[in-house]
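> sequence first, predicted model second:
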Amino acid sequence: MSQEPVDPVSPCLGCGACCGFFRVSFYWGEARSVGGLVPDHLTTKVNSVYSCMQGTEGGHGRCVALLGEIGTQVRCSIYQNRPSPCREFACHSVTIAGNPDCNRARAHYGLPALQCAEFESQAS
Ligand code: SF4
Ligand code: SF4
């Protein structure tokens, strides 16, 4: 769910679609038990190299750490300790280049597509 810092008017706060669409996988070394941040009990081992957030194993599943209702109001319960893919995933509306995967996830939940930052700056 988007990169930091959290903007109080970020569309992510009323979305959360990406937390219920992709398999959120990351190098197992991000787990807390081996010096990382992500609470182990919320993860699933994928293979000898990768783990993923529970609930997202097969894709199109909701991350166990997501609170609230997708498309209405959501919050990541481990925001400060979320794995790298969550930190790196950009909201389409806050990046110049945009992130089509953001809108792909939103479309899955019937949410309208966002415009990228470049489009917004040209329109104003
Ligand atoms: S799908 Fe896009 S708008 Fe929705 S929470 Fe993820 S990054 Fe934010
Ligand atoms: S850890 Fe947080 S930001 Fe990452 S997928 Fe789960 S709820 Fe979303």
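Structure's in. What do you need? Numbering: from 1, shown residues only. Ligands and ions are numbered 1, 2, ... in the order given.
> for residue 42, what are its contacts?
Each residue near residue 42 by C-beta atoms under 8 Å, 6 or more residues apart in numbering is listed here: 53, 54, 64, 65, 78. (Glycine included, C-beta is placed from N, CA and C.)
> can you lay out those residues as JSON lines showing pLDDT?
Below are these laid out as JSON lines (pLDDT from 0 to 100):
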{"residue": "53", "pLDDT": "98"}
{"residue": "54", "pLDDT": "98"}
{"residue": "64", "pLDDT": "98"}
{"residue": "65", "pLDDT": "98"}
{"residue": "78", "pLDDT": "98"}
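> if you rank those by neighbours, which is first?
Counting neighbours by other C-beta atoms under 10 Å, residue 53 leads the contacts of residue 42 with 27 neighbours.
> list the contacts of that one.
Applying C-beta under 8 Å, 6+ apart to residue 53 gives the contacts 24, 38, 42, 43, 44, 63, 64, 65, 83.
> so of those residues, which ones are in strands?
With DSSP state E as the criterion, strands contain 43, 44 from among the contacts of residue 53.
> do stretch 19-28 and ligand 1 come into contact?
No - residues of stretch 19-28 are not located near ligand 1 by C-beta under 6 Å from any ligand atom, the shortest gap being 6.7 Å.
> make 51 the first number, not 1, from now on.
Let's use 51 as the start, then, which means that last one is stretch 69-78.
> what mean pLDDT does that stretch have?
The pLDDT scores in stretch 69-78 average 98.
> as a check, name the ranges of all strands in the protein.
Ranges of strands in the chain, per DSSP E, are 75-77, 93-95, 100-103, 116-119, 123-126.
> still on that earlier bit, in the contacts of residue 92, find the pair that's most separated.
Using C-beta to C-beta, those span at most 11.4 Å, a distance reached by 104 and 128.
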